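S.K.: Here you go, sequence then predicted model.
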Amino acid sequence: MSSPRRHARTEARRSHRALAVVGVLVLLLAAGGFGAAWWFQHQLDSNIERLGDPFAEVENSPAPEEETEAVNLLVLGSDSRISAGDPSQWEAGAQRTDAIMLVHLPANRKSAQVVSIPRDSWVDIPGHGQAKINAAFSYGGPSLMIQTVQDLTGVRIDHFVVTDFESFTAMTDALDGVRIRVPEDIGDGKTVSFHKGVHMMSGEEALKYTRQRHGLVNGDFGRVQRQQNWMRAILAKVNNNRNDVGMMSDFFTTVSKSVAADDGFTIDRMRNLYMSARGLSTNDVDFMTAPYSGTGRSDDGQSIVVLDRERFDPLMKAIAKDEAGSYVEEHTDDLEVLPATVK
């Protein structure tokens, strides 16, 4: 069913959706530090849409984690966070998930790992047989998505977050742009869109940067790395401007209006996570794509991504055992880790 690694076909707007997920990560790790004022925390919390308790229907649901334990977040980029939050609006098959990220914050809070799972990954979905992993959200909402990821990875999910994508350009623009290094000219083969060098990109410019496919060795997998490079640039900009009250206020307000989370993931919980991880720098966050062996066709003709279980399973085991930091460091060459310079 698998074939040699080749370009995976995706819609251009997938970069639009995947990139909004970074806002969630930044909010979770940084909003607590800025939100020292009660009124601002309350404003952010009121902006966040609540999903109820999606873990109630998940088998072997995790007990509430202690503050000193590792924390695993499942972050989705969907085309409809509102319908995910209001069961009365749920329509089976109508919701799509275009970005799936497993975010691991270890107990020692000395690093963080962000693993992007391709939405077309062919997996077992409880009660539905084999299908693309994003179908779990369409079939059964947050609960089935959590169950599917837990069964696939063996990793306990502690909190669940969904975003929509209307304001991701505003997130970048609220930071007055982000700095991205371009190692070589980028264009469509005829026109150069970005010359070699360091660029301060607006939201629209960064979107154009991530959508450009020409010259990418791994096609859409290469585009994922550019998306992650953008995420890293946003994290860096936030880390360098935490004392800019106006900028941070605008940014976190924009992000919070794009987020839905389980009821247990309160703004107080986010603040506590921040306080325990406030020593993290951008270099301490490992972005990577779930190991894959290539693309292929399912028996019914769908274009799919085939996960490389020989590499995928040990990585997930390391996350489950809270040994991901050392594992990634020791196996960087075997993993799809975001390099310092992205083409």
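M.R.: Received the coordinates, thanks.
S.K.: how about the helices of the stretch 51-200 of the chain, start to end?
M.R.: Counting by DSSP state H, counting those that start in this stretch, the stretch 51-200 of the chain has helices at residues 81-85, 135-153, 168-174.
S.K.: taking the mean pLDDT, what do you get for the first one?
M.R.: The average pLDDT for helix 81-85 rounds to 46.
S.K.: How far off centre is the helix or strand harbouring Glu329?
M.R.: Taking DSSP states H and E as the definition, Glu329 sits inside helix 324-330. Centroid separation between helix 324-330 and its chain, computed with CA atoms, centre = their mean, to the nearest Å, is 19 Å.
S.K.: Then stretch 226-244?
M.R.: Distance of stretch 226-244 from the chain centroid (CA atoms, centre = their mean) equals 14 Å.
S.K.: which residues are in contact with stretch 169-185?
M.R.: Stretch 169-185 is touched from outside by 20, 22-23, 192, 194-207, 209, 229-230, 233-234, 236-238, 241, 247, 250-251, 254-255, 258, 341-343, with contacts defined as CB atoms under 8 Å, 6 or more residues apart in numbering. C-beta: built from backbone N, CA, C; applies to glycine.
S.K.: Ends of it, what's the gap?
M.R.: Terminal residues of stretch 169-185 lie 23 Å apart, using CA to CA, to the nearest Å.
S.K.: Now the buried members of the contacts of stretch 169-185.
M.R.: Buried by 16 or more other CB atoms under 10 Å: 20, 22-23, 194, 199, 201-203, 205-207, 209, 229-230, 233-234, 236-238, 247, 250-251, 254-255, 258, 342, out of those.
S.K.: Among the residues you listed, which ones are in strands?
M.R.: Among the buried ones among the contacts of stretch 169-185, DSSP state E puts Phe194, His199, Met201 in strands.
S.K.: any chance of those residues in TSV, plus distance to Arg119 and pLDDT?
M.R.: Below are these laid out as TSV (distance: CB to CB, whole Å; pLDDT from 0 to 100):
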residue	distance to Arg119	pLDDT
Phe194	27	90
His199	28	95
Met201	25	95
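S.K.: Out of those, which is nearest to Ile133?
M.R.: Among these, Met201 lies closest to Ile133 (CB to CB), at 30.5 Å.
S.K.: Do I have it right that the closest one meets Tyr209?
M.R.: Yes - counting by CB atoms under 8 Å, Tyr209 is a contact partner of Met201 at 6.3 Å.
S.K.: For Ala260, see how far away the spatially most central residue of the chain is.
M.R.: The centroid of the chain falls nearest to Met101 when counting by CA atoms, centre = their mean (3.8 Å). Distance of Met101 to Ala260, given as CB to CB, to the nearest Å: 15 Å.
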